[in-house]
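> starting from these lines, generate the structure:
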Amino acid sequence: MPRWVMWLLGVVSALVIVGIAAVAALPYLVDTPRIQAYISTTATQTLGRPVRFSAVSLRVLPLPAVQLHDLEVAEDPRFGTTPFLKLDVGRVRLRLLPLLAGRVELGDIVLRKPTVTIVQAADGRLNVSTLGTTAEPRPGGRPGRSTGGSGAAGAVAVARVVVDDGTIVYLARGKGQGAPQYRLSDVDLTLTGSGTQIAFRGDARLQPGDVRLGLSDGVVALAGARPLTEASLRGRVTIDGKDIGPLAAVALGPVPELHGGVRGALALGGTVAAPTAGGEITMSDLTATQDNPRCPAPRRRTLTVSTVKLDLGWQDQRLAGKPATATLAGGTVTTQLTVTLDRGVRVQMADLVIAKLPLEKVLVDYLCQGYAITGPLDLAGGLRFDAHDVLGTLSGPGRLQIGSGRVVGPQALALFGSVMRVGGAVSAILSADVPSGALDSPLEFDSITGSYTLSNGVATTRDLLYTSRAMKVAIAGDYALVSGRMNLDMDVSHSRGELKARLTGTAASPSIAVSPASLLKDVDPQKAQKGIQDLLKRFTR
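Purely as a prediction, here's the structure:
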């Protein structure tokens, strides 16, 4: 046998013997009580929260490690009593070469199935914003050697922290039982320390539902003696989900049912406590489905939006889509969208532009509204509302124009349909040669134009104008979207005269008063009023 082979076998044998001896001596080498105290004190000072664990044990194979049992990081009392972080076992690996030299140095930290609870207070603050801000001054030096020749822990030089199959739960305090509840599951995260930077990467699943999130190129730049929450942040998040339905149900409620896919990529910025994000999000084949008792069979109706694109930004509890665009049945909607999430969900749509939107797809096919009209809608304005009560909080100005279409709704006093039916009744009364059944068919018009102001669900207009070949109808007054209450002045101009009327009451119980000063040649105002009321009864049963 060659001599170099014999030397190699001798070296390998010696290393094996040294390794076996080191493993056998590990329980004597590591002062576990001192390690326990050191890890607890260091973590508490770093996080500014008490860190506790019930026991420390040693794991020899496959690599030496200290195991921390029943680990908990306490919550800031201002946010509750539930632990901020909790897991059954955390593992702190020990560096082998220093261990063989009689020193204990901590290596990678592995957290298996941790649960982290993110709490948002009623004022919008997050519990992570106080991490590291209450830490006491760190005592100098490092753990020394214990008596009896056993080693102690050296300075912490953690190269890597691994989170394996973690869970992050979001809780909103002070928002009632209907407050949104979300969680990140299957969290796999790797943090690597390098000088004054911490690099991170990983992936997770956003629930409810199944929206996959990917983290890459992440860096946390530590700011000297400042707390971790003030460290600057950068990175990239990818989003890929086949169906946003469950998430939408939590955020906006179960009706209507929203479904559709989502994809996008965001660039991270800001700080650990106040992160920002920006990028493009695309939702495809977005559908809204609901059961509507007003619809003839089938009563379950679906509205489909082909695409929704957001140039998205996130900062200070605000989600912005500037711009946000959507396409629906050949029409387009563009707006500068802002969603504020700090206290409920509030939506603002500035610079709202709707172009060539076919109203029949929304008002007739989907909503089955009694005041439905058809025709292409062009609108410019703005809207704002609270998600918990859209119609009751709807506010904002606007100007609309509806091209050639028809009034097809069965109720007579809705804003864009039944008022025009009243004009149709006057037309029938004035024109004795119009067949009696003509009023039961859709009423055609050339255009509807006007401006409006919405304030907490009440629409006010001064210049709404309905134009057809038979007449022009001018509308001015108020209409409440939720209750249907109205206070409207109507002026009908016809080739044979003019009629003025006041519309009050509600859509379910309308009231019309014809002005005695109205000029109608050869027509008794009482007869006109009775004809209109008869028509209203027909359409409000």
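> for the stretch 51-200 of the chain, which segments count as strands?
Read by DSSP state E, counting those that start in this stretch, the stretch 51-200 of the chain holds these strands, from start to end of the chain: 51-52, 55-59, 65-73, 85-94, 106-112, 115-120, 160-172, 182-194, 197-207.
> show me where the stretch 201-350 of the chain has strands.
Under the criterion DSSP E, counting those that start in this stretch, strands of the stretch 201-350 of the chain are mapped to 211-221, 232-241, 257-270, 275-291, 300-315, 318-328, 331-340, 346-358.
> sheet partners, orientation included, of the longest one?
Taking DSSP bridges as the criterion, strand 275-291 sits next to strand 257-270 (antiparallel), strand 300-315 (antiparallel) in its sheet.
> that one - what's its average pLDDT?
This predicted structure assigns strand 275-291 an average pLDDT of 93.
> export that strand as PDB, just CAs?
Backbone C-alpha positions of strand 275-291 (Å, rounded to 0.1, in the frame of the first residue of the first chain) are rendered in PDB as follows:
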ATOM      1  CA  PRO A 275     -43.000  49.700   4.300                       C
ATOM      2  CA  THR A 276     -43.900  51.000   0.900                       C
ATOM      3  CA  ALA A 277     -44.600  49.200  -2.400                       C
ATOM      4  CA  GLY A 278     -45.100  50.100  -6.000                       C
ATOM      5  CA  GLY A 279     -45.600  48.300  -9.300                       C
ATOM      6  CA  GLU A 280     -48.300  47.000 -11.600                       C
ATOM      7  CA  ILE A 281     -51.100  44.600 -10.700                       C
ATOM      8  CA  THR A 282     -53.400  43.000 -13.300                       C
ATOM      9  CA  MET A 283     -56.700  41.200 -12.600                       C
ATOM     10  CA  SER A 284     -58.200  39.200 -15.400                       C
ATOM     11  CA  ASP A 285     -61.700  37.800 -16.000                       C
ATOM     12  CA  LEU A 286     -63.000  39.500 -13.000                       C
ATOM     13  CA  THR A 287     -66.700  38.600 -12.300                       C
ATOM     14  CA  ALA A 288     -69.300  39.800  -9.900                       C
ATOM     15  CA  THR A 289     -72.200  37.400  -9.200                       C
ATOM     16  CA  GLN A 290     -75.300  37.800  -7.100                       C
ATOM     17  CA  ASP A 291     -78.900  36.600  -6.800                       C
END
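> got the contact list for that strand?
For strand 275-291, the external contacting residues (C-beta atoms under 8 Å, 6 or more residues apart in numbering) are 233, 237, 239, 244, 255-270, 299-315, 321, 366. No exception for glycine: its C-beta is placed from N, CA and C like everyone else's.
> among the residues you listed, name the buried ones.
When these are checked for burial by 16 or more other C-beta atoms under 10 Å, the buried set is 233, 237, 239, 244, 256-260, 262, 264, 266, 268-269, 301, 303, 305, 308-314, 321, 366.
> which one, of the strands of the stretch 201-350 of the chain, ends up nearest to residue 457?
Closest to residue 457 of the strands of the stretch 201-350 of the chain, according to C-beta to C-beta: strand 346-358, at 14.3 Å.
> for residue 51, see how far away the spatially closest residue to residue 56 that is not a sequence neighbour is.
What sits nearest to residue 56 in space, not counting adjacent residues and going by C-beta to C-beta, 6 or more residues apart in numbering, is residue 36, at 4.4 Å. Applying C-beta to C-beta, to the nearest Å, the value for residue 36 to residue 51 is 11 Å.
> same check on residue 84?
The spacing between residue 84 and residue 51, counted by C-beta to C-beta, is 10 Å.
> so what sits against both of those two?
If you check residue 84 and residue 51 against C-beta under 8 Å, 6+ apart, the residues they both contact are 73, 74.
> having no further points to raise, I will conclude here.
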